[in-house]
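Asks: Predicted model and sequence below, questions to follow.
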Amino acid sequence: MNNQKEVEVGMDEWTSQVVVNNVHYTIVVNKIYSAALDEFLFEVEIREKSKVVYASSMNLYSKREVEEWIRQRLNCESLEFNWVENE
């Protein structure tokens, strides 16, 4: 998702399942360390079945920003998330 070389230190991944207009989506969020920026960022993929329909191309710095980005992409301001941490 990002052309910069990333160093993944202590990467965290969360997923959530949501339904918008009878379409089931899987949201995958990765928290990664960017050596180029010297800070943690979030990358997001929104999948319909196994196909990625949206992927973040901008830097997201907080869970709030991630959730807002997802709501905008899916055009659903009232969307709630049930995040599950993946191991």
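Replies: On my side now, so go ahead.
Asks: what ranges do the strands span in the protein?
Replies: With DSSP state E as the criterion, the chain has strands at 12-20, 23-34, 39-48, 51-55, 84-86.
Asks: do you know which of these lies nearest E77?
Replies: strand 12-20 (11.0 Å; CB to CB). Quick note: C-beta positions are derived from backbone N, CA and C, even for glycine.
Asks: Strand partners (parallel or antiparallel) of that closest one?
Replies: strand 23-34 (antiparallel), strand 84-86 (antiparallel) (DSSP bridges).
Asks: which intervals of this protein have sub-threshold pLDDT?
Replies: Low-confidence segments of the chain (pLDDT under 70): 1-11, 87.
Asks: what's the residue lying farthest from the centre of the chain in contact with, if anything?
Replies: Centroid-distance maximum for the chain: N22 at 20.6 Å, with CA atoms, centre = their mean. By CB atoms under 8 Å, 6 or more residues apart in numbering, no residues touch N22.
Asks: on that earlier part again, so which of the strands paired with strand 12-20 is the most packed in?
Replies: Of all the strands paired with strand 12-20, strand 23-34 has the most neighbours on average by mean count of other CB atoms under 10 Å, namely a mean of 17.
Asks: Who are the contact partners of the residue nearest the centre of the chain?
Replies: Closest residue to the average C-alpha location of the chain: V44 at 2.2 Å, with CA atoms, centre = their mean. Each residue near V44 by CB under 8 Å, 6+ apart is listed here: I27, V28, V29, N30, Y54, A55, S56, L60, V66, W69, I70.
Asks: how about JSON lines for the residues you listed, with distance to S78 added?
Replies: JSON lines is the format used below for the contacts of V44 (distance: CB to CB, whole Å):
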{"residue": "I27", "distance to S78": "16"}
{"residue": "V28", "distance to S78": "21"}
{"residue": "V29", "distance to S78": "19"}
{"residue": "N30", "distance to S78": "25"}
{"residue": "Y54", "distance to S78": "18"}
{"residue": "A55", "distance to S78": "23"}
{"residue": "S56", "distance to S78": "21"}
{"residue": "L60", "distance to S78": "20"}
{"residue": "V66", "distance to S78": "16"}
{"residue": "W69", "distance to S78": "15"}
{"residue": "I70", "distance to S78": "12"}
